[in-house]
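In: Structure for the following, please:
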Amino acid sequence: MQKVMYYSKPDCELCEEGLVTLKLVQEDIPFHLEIINIEENDEIHEKYMLMIPVAEYAGEILQYGRLDYVTLVEALSE
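Out: Numbers count the residues shown, from 1 in each chain. Next up, the predicted model:
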């Protein structure tokens, strides 16, 4: 099963919206979702702090900032 890494942090409205979008995509394309709080790791925090939320699959960033359903479905359908 595909595994999507989702980088976010608490109290981030855009991150909450992105998670809702990812869960909608997950209803159509099954994948394992791993949610990572960037505030728990200094290296990850530094890498993604200006980009969150970030959806990543197979080491590639699918989308960041405002996530949209169509882009994610297309990326995960390939």
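
In: What helix or strand is the spatially most central residue of the chain located in?
Out: Centroid check for the chain by C-alpha atoms, centre = their mean gives residue 55 as the closest residue, at 2.5 Å. Using DSSP states H and E, residue 55 sits in strand 54-57.

In: tell me the mean pLDDT for stretch 37-51?
Out: Mean pLDDT, stretch 37-51: 95.

In: same deal with stretch 12-32?
Out: 96.

In: from the chain's centre, how far out does that stretch sit?
Out: Distance of stretch 12-32 from its chain centroid, counting by C-alpha atoms, centre = their mean, to the nearest Å, is 7 Å.

In: and it, which residues are buried?
Out: 12, 15, 18, 19, 21, 22, 25, 26 (16 or more other C-beta atoms under 10 Å). Just so you know, the C-beta spots here come from the backbone N, C-alpha and C atoms, and that holds for glycine as well.

In: how about the strands of this protein, start to end?
Out: For the chain, the strands defined by DSSP state E cover 3-8, 32-37, 54-57, 60-64.

In: ok, and what's touching the shortest one?
Out: Defining contact as C-beta atoms under 8 Å, 6 or more residues apart in numbering, one finds that strand 54-57 is touched by 2-8, 18, 22, 31, 48, 61-64, 67, 72, 75-76.

In: quick one, helices of this structure?
Out: 13-28, 42-48, 69-77 (DSSP state H).

In: What are the buried residues along the second one?
Out: By neighbour count on 16+ other C-beta under 10 Å, the buried set for helix 42-48 is 44, 48.
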